[in-house]
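> dropping a prediction and its sequence here:
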Amino acid sequence: MYLSGIEKLRSVDWSRTYLWDIYFLGGNGYGGPPYPFDSWFPATEVDELVCSITTHDFSPPLRPFSIPGSSNLKRLKISFIDDVYCTLEKYFEEWVDVQILNNGLGVTPVEECLRDVLIYRLGADKKPIHGYIYSIFPAGDLPWNGRSTSNMNEYSIDFVVWRFKKVL
């Protein structure tokens, strides 16, 4: 019997969804977010596509089957809260409008659109276990949503990962 008792389950130090850290480094002559987010980033959630594979499906006469095909784009989705001065909203707006779209004059080559973000996974002692630096650019929308409640403004933005490097 593989699981011989509850003690085997108790002996595992299970992962937790809050054991991570994120930091925007900037890139291509652009720095990370301005003060007060220049030394930390108020992310509330990070979705990191760790791996992905598509298949090719075949349907010959006797039995259908699938084989590995290709991989999807690596993506990140980051949810964050902003301050009353819209510091991060302006940071991402400037990234798109100035660095990528050149104030409406044309699209910048991808290599010049990238900024780096560092994401660490943490152990129970809150020390990094492994981490990656992702060179990314925003994809999709960043809408502002006003409400009549007194909640904080929470944003969510998707990024395409152009390249990545393991740092730990």
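Received the coordinates, thanks. Numbers count the residues shown, from 1 in each chain.

> pLDDT value on Pro61, please?
According to the prediction, Pro61 has pLDDT 89.

> strands of the protein, residue ranges please.
Taking DSSP state E as the test, the strands found in the chain are 20-26, 43-48, 55-58, 65-68, 75-81, 115-122, 128-139, 154-166.

> got the contact list for stretch 28-35?
23-26, 38, 41, 87-88, 91, 95, 99, 111-115 (Cβ atoms under 8 Å, 6 or more residues apart in numbering). To be clear about C-beta, it is placed using only N, CA and C from the backbone, and glycine gets the same treatment.

> so Lys166 bridges to which residues?
Lys166 has these beta-bridge partners by DSSP bridges: Tyr132.

> burial of Leu3, as a residue count?
Using other Cβ atoms under 10 Å, the number of residues around Leu3 comes to 8.

> and the residue nearest to Asp21 when sequence neighbours are not counted, what does it touch?
Sequence neighbours aside, Tyr120 is the residue nearest to Asp21 in space, at 4.6 Å (criterion: Cβ to Cβ, 6 or more residues apart in numbering). By Cβ under 8 Å, 6+ apart, the contact set of Tyr120 is 20-22, 128-131, 168.

> go again with 10 Å.
Applying Cβ atoms under 10 Å, 6 or more residues apart in numbering to Tyr120 gives the contacts 19-23, 126-132, 167-168.

> check Thr87 too.
Neighbouring residues of Thr87 by Cβ under 10 Å, 6+ apart: 33-38, 42.
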